[in-house]
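Peer 1: Turn this into a structure:
(one chain, ligands or ions: 2)
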Amino acid sequence: MAPDLDYNSIEAFHQKLANSRRILAVCGAGLSAASGLPTFRGAGGLWRNYRATDLATPEAFDRDPGLVWLFYGYRRHMALNAAPNPGHDALAALARTNSNFMCLSQNVDNLHLRANHPRYQLRLLHGSLFDIKCTNTNCTHLERNNTADPFFPAIAAASQDQSPSEPGIIPLLDPSHPLPPITRDDIPRCPACREGLQRPGVVWFGEQLDAAMMADVNNWISREPVDIVLVIGTSSIVYPAAGIAERARTKGTTSVVTVNLEAETPDLLDEMSPGDFYFAGDATELLPRLLE
Ligand SMILES: CC(C)NC(=O)[C@H](Cc1c[nH]c2ccccc12)NC(=O)[C@H](CCCC/N=C(/NCCC(=O)O)S[C@H]1O[C@H](COP(=O)(O)OP(=O)(O)OC[C@H]2O[C@@H](n3cnc4c(N)ncnc43)[C@H](O)[C@@H]2O)[C@@H](O)[C@H]1O)NC(=O)OCc1ccccc1
Ligand SMILES: [Zn+2]
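Peer 2: Ligands and ions are numbered 1, 2, ... in the order given. Presented below is the predicted three-dimensional model:
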């Protein structure tokens with residue numbers, strides 16, 4: 001199928017927006033790119049010489065919890081030193097003016113909440129770097145820690161700005177430099193069960209998303225047709241998040257609106273339907289204009 005001729009017209013989109021009530025957004029790493037946070041597929045998706053997706057697994061944590069904590073300690077440090085951008089602000093403003101707007105995010109960087117996005121109109125599908133949970137699957141202990149950087153002393157190297165000029169800095173991202181040795185005993189035990197190790201409160205590959213949250217999302221999509229689904233700064237490769245827009249379409253959505261830095265290709269246009277939009281560019285610039 002093919003989209004309408006005005007598939008990239010902001011005026012046409014504003015007309016659609018004016019006649020729409022229920023709006024859903026699905027956000028990815030591209031939304032936080034302008035805040036200085038690397039995307040998963042940007043820069044080859046590598047952290048040091050590891051694929052980020054290889055470190056974001058329970059198996060990797062079992063194998064080397066110190067390495068995985070250095071990876072998450074680094075991302076906590078980066079996120080703590082980043083700030084929400086006008087893209088986050090535009091989504092938060094839409095939520096404050098439209099109670100029928102639900103924002104789903106794959107991002108674990110806490111920038112939506114720091115943009116004062118109303119909590120009840122936000123679902124963090126993959127958890128947060130600032131939630132801490134326990135490796136003991138029978139233990140439900142969950143704590144919020146928005147501040148500690150480093151989260152524990154042994155990963156202090158992850159909390160140093162990686163400017164090579166600084167004396168004594170361990171260039172964490174440079175694989176030619178050995179990492180500081182971190183043993184299991186260096187990692188905090190869970191204060192509740194005293195058995196498990198504390199781990200980042202994110203959803204790793206191979207782990208289920210929160211069932212209650214997904215039921216809530218599916219109910220929100222199914223109970224009444226969603227007029228517009230915004231797909232923002234995501235490569236739509238990771239499931240179940242990547243399947244949400246099409247699921248909404250089967251439930252009556254008439255307009256899927258993609259905002260992505262990558263220009264639309266003929267294949268992409270082929271996959272679009274009449275009523276869909278595609279806006280190629282930086283989400284930070286486009287979202288304030290689209291949602292004004
Ligand atoms: C790789 C993929 C094929 N694998 C999966 O999807 C797997 C397995 C799977 C399940 N169902 C399937 C069906 C088919 C195939 C595979 C599966 N899914 C799971 O394991 C999920 C759990 C998935 C969650 C994993 N955790 C993350 N994050 C948290 C941790 C952490 O962050 O460390 S995923 C993580 O990667 C994803 C990265 O994607 P994006 O955010 O889109 O980022 P990316 O870099 O890829 O793209 C950025 C985009 O932005 C654009 N862009 C860049 N700059 C800008 C800019 N400035 N403006 C606008 N756009 C911009 C770029 O052009 C680009 O398009 C995000 O979801 C992010 O949260 N669990 C699960 O399904 O449990 C049950 C189960 C288990 C096993 C088997 C069956 C069922
Ligand atoms: Zn525990």
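Peer 1: Residue 73 looks like it's in a strand, true?
Peer 2: No. Under DSSP: H, G, I helix; E, B strand; the rest coil, residue 73 sits outside any strand and is assigned helix.
Peer 1: What's the local residue count around it?
Peer 2: When neighbours are counted by other C-beta atoms under 10 Å, residue 73 registers 26. Where C-beta positions appear, they are placed from N, C-alpha and C, glycine not excepted.
Peer 1: Can you read off the pLDDT for it?
Peer 2: Note for residue 73: predicted pLDDT of 95.
Peer 1: Leaving out sequence neighbours, find the closest residue to it.
Peer 2: Leaving aside its sequence neighbours, residue 73 sits nearest to residue 158 (C-beta to C-beta, 6 or more residues apart in numbering; 3.2 Å).
Peer 1: For the one you found, give its distance to residue 256.
Peer 2: Applying C-beta to C-beta, to the nearest Å, the value for residue 158 to residue 256 is 38 Å.
Peer 1: try residue 86
Peer 2: 23 Å.
Peer 1: Looking at the two, which one has more neighbours?
Peer 2: Counted by other C-beta under 10 Å, residue 86 and residue 256 do not tie: residue 256 has more neighbours, with 24 against 18.
Peer 1: those helices in the stretch 1-150 of the chain, which residues are they?
Peer 2: 10-18, 30-33, 52-55, 58-63, 65-80, 86-97, 111-114 (DSSP state H, counting those that start in this stretch).
Peer 1: Report all helices and strands that the longest one contacts.
Peer 2: Applying 3 or more C-beta pairs under 8 Å, 6 or more residues apart in numbering; DSSP states H and E, we find helix 65-80 packed against helix 52-55, helix 58-63, strand 127-134, strand 198-202.
Peer 1: what residues does that helix touch?
Peer 2: With C-beta atoms under 8 Å, 6 or more residues apart in numbering as the test, helix 65-80 has contacts from 36-38, 47, 50, 52, 55, 60-61, 108-111, 129-130, 146-147, 149-152, 154-155, 157-160, 172, 179-184, 186-187, 197, 199-200, 202.
Peer 1: From the residues you listed, list the buried ones, please.
Peer 2: Buried members of the contacts of helix 65-80, scored by 16 or more other C-beta atoms under 10 Å, are 37-38, 47, 50, 52, 55, 60-61, 108-111, 129-130, 149-151, 154-155, 157-160, 172, 179, 182, 187, 197, 199-200, 202.
Peer 1: Tell me which residues touch residue 231, please.
Peer 2: Residue 231 neighbours (C-beta under 8 Å, 6+ apart): 25-26, 245, 256-260.
Peer 1: In strands, which of those fall?
Peer 2: Among the contacts of residue 231, DSSP state E puts 25-26, 256-260 in strands.
Peer 1: Distance to ligand 2 and pLDDT added to those residues, as TSV?
Peer 2: Converted to TSV, the ones in strands among the contacts of residue 231 look like this (distance: C-beta to the ion, whole Å; pLDDT from 0 to 100):
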residue	distance to ligand 2	pLDDT
25	34	98
26	32	98
256	41	98
257	42	98
258	41	98
259	40	98
260	39	97
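Peer 1: now, which of the residues you listed lie close to ligand 1?
Peer 2: Filtering these for proximity to ligand 1 by C-beta under 6 Å from any ligand atom leaves 259-260.
Peer 1: Neighbours of residue 270, how many?
Peer 2: 10.
Peer 1: same thing with residue 206?
Peer 2: Count around residue 206 with other C-beta under 10 Å applied: 9.
Peer 1: I'd assumed residue 57 was in contact with it.
Peer 2: Yes. Using C-beta atoms under 8 Å, residue 206 is in contact with residue 57, at 5.9 Å.
Peer 1: which SS state does residue 207 fall under?
Peer 2: Per three-state DSSP, residue 207 ends up coil.
Peer 1: From residue 240, how far out is it?
Peer 2: Counting by C-beta to C-beta - residue 207 and residue 240 are separated by 12 Å.
Peer 1: try residue 13
Peer 2: Taking C-beta to C-beta as the measure, residue 13 falls 27 Å from residue 240.
Peer 1: next one: residue 191
Peer 2: Taken as C-beta to C-beta, the span from residue 191 to residue 240 is 32 Å.
Peer 1: cool, and residue 54?
Peer 2: 21 Å.
Peer 1: again with residue 138
Peer 2: In terms of C-beta to C-beta, residue 138 sits 25 Å off from residue 240.
Peer 1: Show me the residue at the heart of this structure, geometrically.
Peer 2: residue 107 (1.3 Å; C-alpha atoms, centre = their mean).
Peer 1: neighbours around residue 243, how many?
Peer 2: 12.
Peer 1: May I have the secondary structure class of it?
Peer 2: helix.
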